[in-house]
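Okay, here's the prediction I keep looking at, along with the sequence it came from:
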Amino acid sequence: MSVDLRTQYLGLELKNPLVASACPLTESFDNQRRLEDAGAAAIVMPSLFEEQILQEESNFTGVHEFGTNSFAEALSYFPEPEEYRVSTEEYLDRIQAAKRGLTIPVIASLNGTSLGGWLRYAKLIEEAGADALELNIYFVAADVEMSGEEVERRYLDLVQAVASSVSIPVAVKIGPYFSSVGHMARQLVDAGAKGLVLFNRFLQPDIRLDTLDTRPHLVLSTEFELLLPLRWIAVLYGRVNASLALTSGVHSAHGAIKGLLAGADVVMMASALYKQGLSCVGAMIEQMKLWMEENDYHSVSQMKGSMSHRNSPDPTAFERGNYMKALASFTGTPI
Amino acid sequence: MADKRFVTVDGNEAAAYIAHLCSEVMAIYPITPSSGLGELADAWAAAGRKNIFGSVPHVVEMQSEAGAAGAVHGVLQGGALSSTFTASQGLLLMIPEMFKIAGELTPVVFHVTARTIATHALSIFGDHSDVMAVRTTGFALLASSSVQEAQDLALVAHAATLKARVPFLHFYDGFRTSHEVAKIEQLSDDDVRSMIDFELARSHRERAMSPERPFLRGTSQNPDVFFQAREACNPFYQKAPQIVQETMDAFAARFGRSYHLFDYFGHPEAETVVVAMASGGGVIEEAVDHLVARGRKVGLIKVRLYRPFDGAALVSALPKTVKTIAVLDRTKEPGALGEPLYLDVIGAVAENWQQEKGTRAPRIIGGRYGLSSKEFTPSMAVAVFDEAAKPSPKQHFTVGIVDDVTHLSLDYDPQLSTEGEDVVRAVFFGLGSDGTVSANRSSVKIIGENTPNYAQGYFVYDSRKAGSMTTSHVRFSPRPIKGSYLVHKANFVACHQFHFLERIDVLSVAEPGVTFLLNSPFPADVVWDHLPAEVQRQIIDKRLKFYVVDAYGVARQTGLGVRINTVMQTCFFALAKIIPIQEAVQQIKDQIVKAYGKKGGATIIEKNFAAVDRAIESLHEVQVPSQVTSSLHMVPAVPTDSPEFVRDVLGMMIAYRGDDLPVSALPPDGTFPTGTTKYEKRSIALDIPIWDPKICIQCGLCSLSCPHAAIRMKVYDPAVLSGAPEGFKSAAWRGKEYAGMSMTIQVAPDDCTGCGLCVEVCPVRDKEVAKHKAIDLLPKLDHLERERAAFDFFLSVPEIDRKQVAVDTVKGSQLLLPLFEFSGACAGCGETPYVKLITQFFGDRMMVANATGCSSIYGGNLPCTPYTSNREGRGPAWNNSLFEDAAEFGLGMRLAVDQQIEHATNLLKKLAPQVGDNFVQELLNNPQETEEQIALQRRLVADLKAKLVTIGDADARNLIAAADYFIRRSIWSFGGDGWAYDIGFGGLDHVLASGRDINLLVLDTEVYSNTGGQASKATFRGAVAKFAAAGKPGRKKDLGLIAMSYGNVFVGQIAMGANPLHAIRTIRAAESYRGPSILIALSHCIGWGIDMSKGFDYQKEGVATGYWPLYHFDPRDREQPLRVDSRPPKGAFKEFAIKQARFAILSRTKPERAEELLRLGQEDINFRYSLYEDFSAALAHGGAKSVGAADPA
């Protein structure tokens, strides 16, 4: 029996539900091509970080201003460049190269810091030819005076502004740290998001014991981390009018299948690509097909959301009951 | 002729523009103030800009000016058209080639920014001593007196040289013209092409060497024919003036600007005429206009073509009515009958007047002006005219100074102004770091290129590299601006730094009723109370219109940090009303886009736009009270109890009043006292390091790293604390060596630059608040008074006896008094910690021969001297000779010392019967390798002198004079990589081969730092530098390996930031070696494009990655002479490199090339480490017979 792996994400027709998530691996065209060859249905490019662009601008401006016009013998210290290629241009060039060289959709990712920056770069990304835009919103409310409502408002204003300024579909990659993830998801969709990507694995500061300073630290995900997005995909399936992408913890075909069963339109992978190599996509597709055949599923659309909160035989499993069951299983059922 | 095109450029750009169009190959070498010419040519070549022949000129950086001239000579013989750029010492190095080039009748143009030749002192500023030194070479000398002329006569030179076959030196005044920004009418490529005869260019190529039509030049001639052959060139020199005039005439016909060999300006029946060259001409012209308007019969001859000197043309240009000619020379020729131009005019008049005019020849007097860019004003020119009109004028006078020794100077009226009332004359006082000069350059451009007004900008910088003050002198005029001199009567004054008011009399230039703009942290309604009384008095008396803006506030709000340039520039336009403010704002914004757009700075542009918009709303007028109310007063430049020389001479220089010092105030031979930086309390830091004795582990790294010796460490008897002021911090010494003693780490709050290097190297963090280190940078004003008192007390605490100190440790070394302190080096400098450390070890017995460069500038640039002495009055004796000769200069010192030791030894042996044989043996045989032995030797020498006094005969008196040589001297040559790798390499190599006991310290910043970041052979592959805009393509020269090849040279490669203990021990080992030693010290630099506070971190990473391997080669170590002291490369070079702008720039301009060069750089690193390891193994255990074969002499 042949199975139909096709799916739709952000209105894009994908040949299967496996998408390479935003990470440094998706930066180079070589890797993009290898991912396509391995069977990935789309790639999400690594984020264009506005903060990094600003830092770069500041650095290069600073270099040319530092010590300039201060000392009679050395009015400057570096040759004046004809023109710098800033990260933005490189990023946009990469989008264009990807679009020229790949047949699969190319989704750009953007992490901004100012509204002006978000809008400016979103437009540039659209103009460069990206098929869709994923907003990598990461706001740490370190100001203890800031309420949850204010935080949510920032997200929503931003999504609304960006979504209304570009015509390509916009997905929003969020973290799990909202008081009501479902409600927030709905608001994001109402603000213009065509898709939700669950969840962002945030860069967390780590403390170095040798130097007593803090350094950003990101470890690759483990399969266990699948469960958190799995729950929320299941909850959101059928309850928001947007595509759903599951990311974090998809390391195997089984993980991907679970995501689809929970209701994801696509599953995204990054850590698995690092750990298993880019070619793992192909193997996972084969394993998915095998599982589907063995379990008599003929298409992804058929299995999508069949184990969601709405469709699950035991919806409370996605709620508090999950904990109860675990307790019960460990203490044993009284005879 | 095409439509007129006006640009605002400086003199260097004006001349370089022509040179680039007319040349096919340019060989260059950086030297102030001509570096900009080569940099522009290089940058244009890199950008593919073509010459008029349709090709992109090749620009080649050489190892010295001698090399550049040699290459140019070869280029010319090879058939290409060439030019080069230089000044001063550089021009002197070219002299031998110039004779050759002229002797072969080869067309070429050298563009020279005329600069003072170093004599009793170096000076980077302008006069004609360099040009005059080459007047015998056979080069034609053509002088430009303005930025416009720098372009026009550059073209005349390039055109005329082809026809005359006489090489040309086109010159203009260094700084005054080379760095003056002015509005000029720029020639187009076609204009330039129309002036160059391509047929003559082809003729030049046909005369070139070719195996297809072989000939021989450069013969060796003998007495039989040399003379005749030398005279054979005469026709060419006879025709040259006419050719130049024809070229000038052709130029005038095409472009309307008329020049003559000698241009006359003034009254047609002038009785008094001044003759002068270059920028002084415009000044005198302004004075002539002023005097003629008042009925005086005066005139001016501007000399354009100085060589070949056409005496007939000069006399022809002079009115017949002239009774007195005053010739002004911008040079000094001690011992001559007169200066060169004066003598030429005398000769010309003697030869031609009678025949030309038929009347009695005029009286001729000569005088000097403007040496080293000494200000020359119309008022001074008027004084010259007045003097010349006297019945018995002074001969060989000077003007612009007060000569109270030989009384040659002329008085002048400093209040006299010849400027038009409609000329905007503005003076801006700012810091180098605040962007004031950039803002004013931009303003000059805006007015010059967008209005009918003429514009002129000239910028004065002080002599320090950290916290330097800039003064911008700007003029806008409806007429061409003739005078090239500072603005002395300003109708707009801006002070961009509030704290200047207490030290600098910024309002002395303000005319009554003009506008004063102040960047003030205090709002308009309260600022008055914060002004010194002297400032209030001038504002009231001069009825100034007083405005304030909180520029730092605006810059902060708009994210610009300390760059207040756009804020102040906008306020200037708002107040000066030269153009409508809306138009000015638009123009400023356009300039911002131009400045930042190509750096990809979209947000920087936005921030600057915001600053412009906010500036005007933040600008407020101050209602000036009618009374002086302030109790604040301006502070004296130096403490009132300073030594007399410091107070009366150096203090004047510090207060920017050095121009007022008379001749008698200054040493005639360039000898200055050391240890005077301590009197100049610049207090430039905003934050200073504050020590926490409770958590300090007393490692000494903060003190070691401090580039300015502004953090000190002492250990002392706790009893001294009884006299300590409140707030003086102390801790018990933690180690065993000084059990029971106390210690203090103390900042010199007014000498610290706030660089933060000390804080970054501090290894200690507080256990409860990790951000708190044992030394933190904290706001200076919160701690100033307490730390001042503490530092004063600290200085009074006696240093520990050197003999008790474990000097070969980090903390031990920091208990030794630094004899190099508070220099004007950059904040966070990577060189000075080495210099300071060496003075701590050997300063009381060292002599230093310093190559010109950063280390000579922070080491010896007046007003103050950082080398200092200890309580006994001993300290480094220091001298800077030249850039290229520091090794030889040092060797000479060694030779002298050795000779004197030999002389003293002979005398001592002769006097042995009187002073005692045992005493003599003890004195002569003391090895003097430890502090104890040095101290013993000092006692012995003192005893010897006492004995000799009692003997009293001639031998004894001679030995007294020479006895100090018995104390072992530590001879050092200091210099940067430009010296050691490039211009001085030949001499350095020879000194290494000499076997003599001399120590060479190479402060390797991997770039020509002092002249603004040009590539040297020490520059690492892939780094971007000037003259290597596309990244240095080749491998860094391995100077250490070359030195090791001698076998008997101690070689150490060190990086204090990476391994301070290694640096300490290697320095000490090098000095202890009784043969030649070379230390190559990694020195982070502003030219790396890094956060300088983290310089030591970069050094650390540089060593870890193998970028800078540590090693030492000690010929005394027969077991293993070469020891590689750092671990094998770990981590990627790319990761280290990309954090520095010098490498990162390339990745943003040419990413593929950057990738390739970084890859090759990594290969260099790997190769070098393997090579050292293999070499070390090969040498181990006597494996290389050559080691030791050439023991020290």
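Structure's in. What do you need?

Run a quick check on A:Asn111 versus A:Leu48, I expect a contact.
Yes - using Cβ atoms under 8 Å, A:Asn111 makes contact with A:Leu48 at a distance of 7.0 Å. Bear in mind the C-beta positions are built from the backbone N, C-alpha and C, glycine included.

neighbour count winner among those two?
A:Leu48 (25 against 22; other Cβ atoms under 10 Å in any protein chain shown).

The more buried one contacts A:Trp118, doesn't it?
No - counting by Cβ under 8 Å, A:Leu48 does not reach A:Trp118; the two are 10.5 Å apart.

Return every residue with contacts to both of those two.
A:Leu110 (Cβ atoms under 8 Å, 6 or more residues apart in numbering or on different chains).

Show me where the stretch 201-335 of chain A has its helices.
A:227-236, A:253-262, A:271-276, A:280-294, A:300-303, A:321-331 (DSSP state H, counting those that start in this stretch).

which one of those helices lies closest to B:Ala16?
Distance to B:Ala16, taken as Cβ to Cβ, is lowest for helix A:271-276 among those, at 52.9 Å.

what's that closest one packed up against?
helix A:280-294 (3 or more Cβ pairs under 8 Å, 6 or more residues apart in numbering or on different chains; DSSP states H and E).

If you count neighbours, what's buried in the helix it packs on?
Using 16 or more other Cβ atoms under 10 Å in any protein chain shown as the test for burial, helix A:280-294 gives A:Cys280, A:Val281, A:Met284, A:Ile285, A:Gln287, A:Met288, A:Lys289, A:Trp291, A:Met292.

With stretch B:579-589 instead?
Buried-residue list, stretch B:579-589, by 16+ other Cβ under 10 Å: B:Ile579, B:Ile581, B:Ala584, B:Val585, B:Gln587, B:Ile588, B:Lys589.

The third one touches B:Phe573, doesn't it?
Yes - contact status for B:Ala584 versus B:Phe573: in contact at 3.7 Å, counting by Cβ under 8 Å.

Give the full set of residues in contact with B:Arg304.
B:Leu142, B:Ala143, B:Leu153, B:Val244, B:Met248, B:Tyr259, B:His260, B:Leu261, B:Phe262, B:Asp263.

Among those residues, name the ones in strands.
B:Leu142, B:Ala143, B:Phe262, B:Asp263 (DSSP state E).

For the chain, which residues score under the pLDDT cut-off?
Went with chain A since none was named. Within chain A, the segments meeting pLDDT under 70 span A:1, A:320-335.

I was after chain B.
In chain B (pLDDT under 70), the answer is B:1-2, B:599-600, B:1183-1193.

how does it divide into domains?
Domain ranges of chain B: B:6-211+B:224-254, B:262-410, B:424-621, B:672-816, B:904-966, B:1005-1182, per automatic domain parsing.

List the neighbouring strands of the strand ranked longest in chain A plus their orientation.
In chain A, with assignment by DSSP E, the single longest strand is strand A:42-49. Here strand A:42-49 is paired, per DSSP bridges, with strand A:18-20 (parallel), strand A:106-111 (parallel).

Next, the angle strand A:42-49 makes with the first helix or strand past it going along the chain.
As assigned by DSSP states H and E, the chain's next helix or strand after strand A:42-49 is helix A:50-65. Interaxial angle of helix A:50-65 relative to strand A:42-49 (axes from the mean of the first three to the mean of the last three Cα atoms, to 10 degrees): 40 degrees.

Over to B:Val288: give its phi and psi.
Note on B:Val288: its backbone torsions stand at phi -60, psi -50 [degrees, to the nearest 10].

any idea how far the closest residue to B:Ala361 other than its chain neighbours is from B:Asp329?
Leaving aside its chain neighbours, B:Ala361 sits nearest to B:Trp353 (4.2 Å; criterion: Cβ to Cβ, 6 or more residues apart in numbering or on different chains). Distance from B:Trp353 to B:Asp329, counting by Cβ to Cβ, to the nearest Å: 20 Å.

same check, this time on A:Gln204
From A:Gln204 to B:Asp329 the distance is 73 Å (Cβ to Cβ).

quick one, which of those two is more surrounded?
Neighbours per residue (other Cβ under 10 Å) separate A:Gln204 from B:Asp329, with B:Asp329 holding more: 29 against 10.

so who does that one touch?
So, once contact is read as Cβ under 8 Å, 6+ apart, B:Asp329 ends up touching B:His128, B:Met132, B:Gly338, B:Glu339, B:Pro340, B:Leu341, B:Tyr342, B:Gly366, B:Gly367, B:Arg368, B:Tyr369.

Let's have these in a markdown table, adding neighbour count and secondary structure.
Shown next, in a markdown table, are the contacts of B:Asp329 (neighbours: other Cβ atoms under 10 Å in any protein chain shown; DSSP: H, G, I helix; E, B strand; the rest coil):
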| residue | neighbour count | secondary structure |
| --- | --- | --- |
| B:His128 | 31 | coil |
| B:Met132 | 21 | helix |
| B:Gly338 | 20 | coil |
| B:Glu339 | 22 | coil |
| B:Pro340 | 22 | helix |
| B:Leu341 | 23 | helix |
| B:Tyr342 | 25 | helix |
| B:Gly366 | 23 | strand |
| B:Gly367 | 28 | strand |
| B:Arg368 | 25 | strand |
| B:Tyr369 | 26 | strand |
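
right, and the pair among those with maximum separation?
Applying Cβ to Cβ across those, the maximum distance is between B:Met132 and B:Gly367, 15.1 Å.

still on that earlier bit, tell me which of the domains of chain B lies nearest to A:Val19.
domain B:1005-1182 (28.3 Å).

distance between that closest one and the chain's centre?
Distance, stretch centre to chain centre, for domain B:1005-1182: 25 Å (Cα atoms, centre = their mean, to the nearest Å).

What separates the first and last residues of that domain, distance-wise?
Its first and final residues considered, domain B:1005-1182 spans 34 Å by Cα to Cα, to the nearest Å.

and that domain with chain A, contact?
Yes - against chain A, domain B:1005-1182 shows contacts by Cβ under 8 Å from any Cβ of the partner chain at B:1009-1013, B:1024-1026, B:1029, B:1086-1087, B:1089, B:1141-1142, B:1144-1145, B:1148-1149, B:1151.

Look up how far B:Glu932 lies from B:Leu1001.
Taken as Cβ to Cβ, the span from B:Leu1001 to B:Glu932 is 26 Å.

Neighbour count: the two, which is higher?
B:Leu1001 (30 against 12).

ok but B:Asn918 is inside a strand, no?
No - counting by DSSP: H, G, I helix; E, B strand; the rest coil, B:Asn918 is not part of a strand but helix.

Check the spacing between it and B:Ala935 real quick.
19 Å.

Those two - which one has more neighbours?
B:Ala935 (14 against 9).

Reduced to three states, what does the more buried one come out as?
Looking at B:Ala935 with three-state DSSP, the answer is helix.

Just give me the neighbour total for the closest residue to it other than its chain neighbours.
Using Cβ to Cβ, 6+ apart and skipping residues adjacent in sequence, the residue nearest B:Ala935 is B:Lys803, 5.8 Å away. Look at B:Lys803: counted by other Cβ under 10 Å, it has 13 neighbours.
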